[in-house]
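Colleague: Return a 3D structure for these sequence lines:
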Amino acid sequence: MTAQTLPAPSPVDAAKRRELKRVAFATVIGTTIEWYDFFLYASAAGLVFGALFFAPAGAEFATILSFATVGVSFLFRPLGAFLAGHFGDKIGRKAMLVVTLILMGAATTLIGFLPTYEQIGMAAPLLLVLLRIIQGLSTGGEWGGAVLMAVEHAPDGERGRYGAFPQIGVPIGLLLASGVLALMTGVISPGDAFLEWGWRVPFLLSFVLIIVGIIVRRAVDESPVFLEIAAKKEEAKTPILTLFRKHWLLVLLAALTFAGNNAADYMTTGGYLQNYATTPLADGGLVGMERTPVLLAVAGASVVWLVCTFAAGVVSDRIGRRNTYIIGWIAFLATVFLLFPLVNTGNPWLLFLGVSLFAIGNGFTYGQQAAYFAELFPASIRYSGVSITYAIGAILGGAFAPMIATWLVQTTGTASSVAFYIAGVMLVAFAATLLLRDRTGIPLGPDHEAEQSRGAVYGLR
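Modeller: All right, here's what the predicted structure looks like:
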């Protein structure tokens, strides 16, 4: 038998594949940089910001205030989502992505130059909160634009796969943030040097990363769905009003699905676990590990999160977005009560195991989310829909999860209370998932607006 010779791709197909690769690369690079900045702040909040900016409040309350600044930025995500969604649905996805990247990079770099409380008093925490708010505005608009660029360029049967590229930028951002911090704490500026100046270096590195991201993002074409909308002059005049007037229940349910994932993953990405594991026993800590092995364990587990996130996107193209979510919720609920007992051993390898097991559910409730959200909303209001839903879900889920977890442990004396809190949020998200229809493969173009506008929620036409 002779080997079968497959026909060569047509020039159009080959050009399309090249463009898809450019879009995938641009979205993963951009979201990696954006979330490196975001997670860097969260990790620093757990490790050093309490001592540097809130020390007069006392050790325990300083930690709560430090984590509160992490949560404050979430309150401004909806505003960023409103602005980016409005202009993204009117002038395009690409322009807004460049704007959000510049905002995030500028805020992060300035944090690296920020004087501490000891140097300028109350102005220091106020400036820190202001810069964190700018990060929140940027993040609110970033995600929706990135996922729509990826999903709206993708072939119908590969939306989950291509939508997973901006999603994997999140664990890569955590990997980079944890890795750079571990390098600073373990090699370049160990001990007191990290508190004195070493923590600033990862923030200053953001300036270089932002330049790279802007160059990459400017090189890709605008979303074909938006170009079609613009050509037909069918942009929604007030996309946000249309969204809440016609699709408020869909926004709420989809936000609750994300809230479960976000509350859980902010145990690590929100800096809580890093703080919980490294607080010295003399200061009321329960584990008392060194910073560097904890950061390395979180960095290693983020690789597991990355693999599971991409796998979820690919699998969702085969079995549907909703079924993939169900797998993720089951995996999450099976591991949520294992995480803290493994961390409490004080063994870095068991900590890595616990966070890695937790990362499986994290990935399988996140990788498919880009395609899932894009398929839920009509084309003319899609940027507003996915961005605002994501922002609301983040407030309901992860915004104050680290602060709540810190308060629960201080009140109860055990991390079991945190596990029950996270499990409760997951169960609500699981229920919301079951109320939403799977719309895998629905046409995304403006010619199918009527079909896109109905049937996303069970029981509603």
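
Colleague: need the helices for the stretch 151-300 of the chain, in chain order.
Modeller: 159-183, 192-193, 200-204, 206-218, 224-231, 239-265, 272-278, 291-319 (DSSP state H, counting those that start in this stretch).

Colleague: Quick check: mean pLDDT of the first one?
Modeller: Taken as a whole, helix 159-183 has an average pLDDT of 90.

Colleague: try the second one
Modeller: With pLDDT averaged residue by residue, helix 192-193 scores 90.

Colleague: And the longest one, by the same measure?
Modeller: Mean per-residue pLDDT for helix 291-319: 92.

Colleague: So which elements touch that helix?
Modeller: In terms of contacts (3 or more C-beta pairs under 8 Å, 6 or more residues apart in numbering; DSSP states H and E), helix 291-319 is packed against helix 159-183, helix 272-278, helix 321-335, helix 348-364, helix 369-376. C-beta here means a position set from N, CA and C on the backbone, and glycine is covered the same way.

Colleague: if we can go back for a sec, so which of the helices of the stretch 151-300 of the chain is nearest residue 340?
Modeller: helix 272-278 (8.1 Å; C-beta to C-beta).

Colleague: Could you export the helices of the stretch 151-300 of the chain to JSON lines, including columns for distance to residue 451?
Modeller: Converted to JSON lines, the helices of the stretch 151-300 of the chain look like this (distance: least, C-beta to C-beta, whole Å):
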{"stretch": "helix 159-183", "distance to residue 451": "16"}
{"stretch": "helix 192-193", "distance to residue 451": "60"}
{"stretch": "helix 200-204", "distance to residue 451": "46"}
{"stretch": "helix 206-218", "distance to residue 451": "31"}
{"stretch": "helix 224-231", "distance to residue 451": "14"}
{"stretch": "helix 239-265", "distance to residue 451": "14"}
{"stretch": "helix 272-278", "distance to residue 451": "42"}
{"stretch": "helix 291-319", "distance to residue 451": "20"}
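
Colleague: Minimum distance to residue 89: which of those helices has it?
Modeller: Judging those by C-beta to C-beta, what sits closest to residue 89 is helix 239-265, at 4.3 Å.

Colleague: isn't residue 410 right up against residue 59?
Modeller: No. The criterion here is C-beta atoms under 8 Å, and residue 410 misses it with residue 59 at 11.0 Å.

Colleague: Now for the two: what residues contact both?
Modeller: Taking C-beta atoms under 8 Å, 6 or more residues apart in numbering as the criterion, residue 410 and residue 59 both touch residue 284.

Colleague: out of these two, which sits in the more crowded spot?
Modeller: The neighbour count for residue 410 versus residue 59, taken as other C-beta atoms under 10 Å, is higher for residue 59 (16 against 13).

Colleague: Next one: that one relative to residue 414, how far apart?
Modeller: 19 Å (C-beta to C-beta, to the nearest Å).

Colleague: Read off the pLDDT value for residue 91.
Modeller: pLDDT, residue 91: 68.

Colleague: start the count at 41, not 1, going forward
Modeller: Sure, I'll start numbering at 41, so the last one becomes residue 131.

Colleague: which of the helices and strands packed on helix 331-359 sits most buried?
Modeller: With neighbours defined as mean count of other C-beta atoms under 10 Å, these peak in mean count at helix 409-416, which reaches a mean of 28.

Colleague: tell me the angle of the following helix or strand past that helix relative to helix 409-416?
Modeller: Moving toward the C-terminus from helix 409-416, the next helix or strand (DSSP states H and E) is helix 422-437. Compare the direction of helix 422-437 with that of helix 409-416 by axes from the mean of the first three to the mean of the last three C-alpha atoms, to 10 degrees and you get 120 degrees.

Colleague: Could you give me the buried positions within helix 422-437?
Modeller: Within helix 422-437, the residues that count as buried by 16 or more other C-beta atoms under 10 Å are 422-437.

Colleague: just how off-centre is the helix or strand encompassing residue 67 within its chain?
Modeller: Per DSSP H and E, residue 67 falls inside helix 51-84. Relative to its parent chain, helix 51-84 has a centroid offset of 13 Å by C-alpha atoms, centre = their mean, to the nearest Å.

Colleague: Can you spell out which helices and strands pack onto it?
Modeller: helix 133-153, helix 163-193, helix 199-223, helix 240-244, helix 246-258.

Colleague: where does the chain dip in pLDDT?
Modeller: Scanning the chain for pLDDT under 70 picks out the ranges 41-53, 130-133, 257, 259, 261-263, 266, 269-277, 309-310, 499-501.

Colleague: okay, which residue is most central for it?
Modeller: Computing the C-alpha centroid of the chain and ranking residues by C-alpha atoms, centre = their mean puts residue 210 first, at 5.3 Å.

Colleague: any idea how far residue 64 lies from residue 480?
Modeller: Distance from residue 64 to residue 480, by C-beta to C-beta: 19 Å.

Colleague: for residue 402, that is, sorry about that
Modeller: 21 Å.

Colleague: Quick check, residue 458 in contact with residue 445.
Modeller: Yes. Counting by C-beta under 8 Å, residue 458 touches residue 445, with 4.5 Å between them.

Colleague: Buried ones in stretch 92-99, by neighbour count?
Modeller: 92-94, 97, 99.

Colleague: again, but for stretch 118-129
Modeller: In stretch 118-129, counting by 16+ other C-beta under 10 Å, buried: 118, 120-129.

Colleague: Just list the residues touching the spatially closest residue to residue 155 that is not a sequence neighbour, thanks.
Modeller: Among residues not flanking residue 155 along the chain, residue 164 sits closest, at 5.6 Å (C-beta to C-beta, 6 or more residues apart in numbering). Applying C-beta under 8 Å, 6+ apart, one finds that residue 164 lies in contact with 92-93, 154-157.

Colleague: do that again at 7 Å, thanks
Modeller: 93, 154-157 (C-beta atoms under 7 Å, 6 or more residues apart in numbering).

Colleague: likewise residue 491?
Modeller: So residue 491 contacts 482-483 (C-beta under 7 Å, 6+ apart).

Colleague: what's the spacing between it and residue 419?
Modeller: Taking C-beta to C-beta, one finds residue 491 at 10 Å from residue 419.

Colleague: same check, this time on residue 361
Modeller: 18 Å.

Colleague: Could you do residue 285 as well?
Modeller: 17 Å.

Colleague: ditto for residue 453
Modeller: 52 Å.

Colleague: Have a look at these two and say which one is more surrounded.
Modeller: residue 419 (27 against 11).

Colleague: The more buried one against residue 492, yeah?
Modeller: Yes. Using C-beta atoms under 7 Å, residue 419 is in contact with residue 492, at 6.4 Å.

Colleague: Of all the helices and strands packed on helix 51-84, which one is nearest residue 474?
Modeller: Closest among these, using C-beta to C-beta: helix 199-223, at 19.5 Å.

Colleague: From the chain's centre, how far out is the closest one? Work that out for me.
Modeller: Using C-alpha atoms, centre = their mean, the offset of helix 199-223 from its chain centre is 9 Å.

Colleague: what helices or strands is it leaning on?
Modeller: Counting contacts by 3 or more C-beta pairs under 7 Å, 6 or more residues apart in numbering; DSSP states H and E, helix 199-223 packs against helix 51-84, helix 163-193, helix 240-244, helix 331-359, helix 409-416.

Colleague: could you give the angle of it to helix 409-416?
Modeller: Going by the same axes, to 10 degrees, helix 199-223 makes 140 degrees with helix 409-416.
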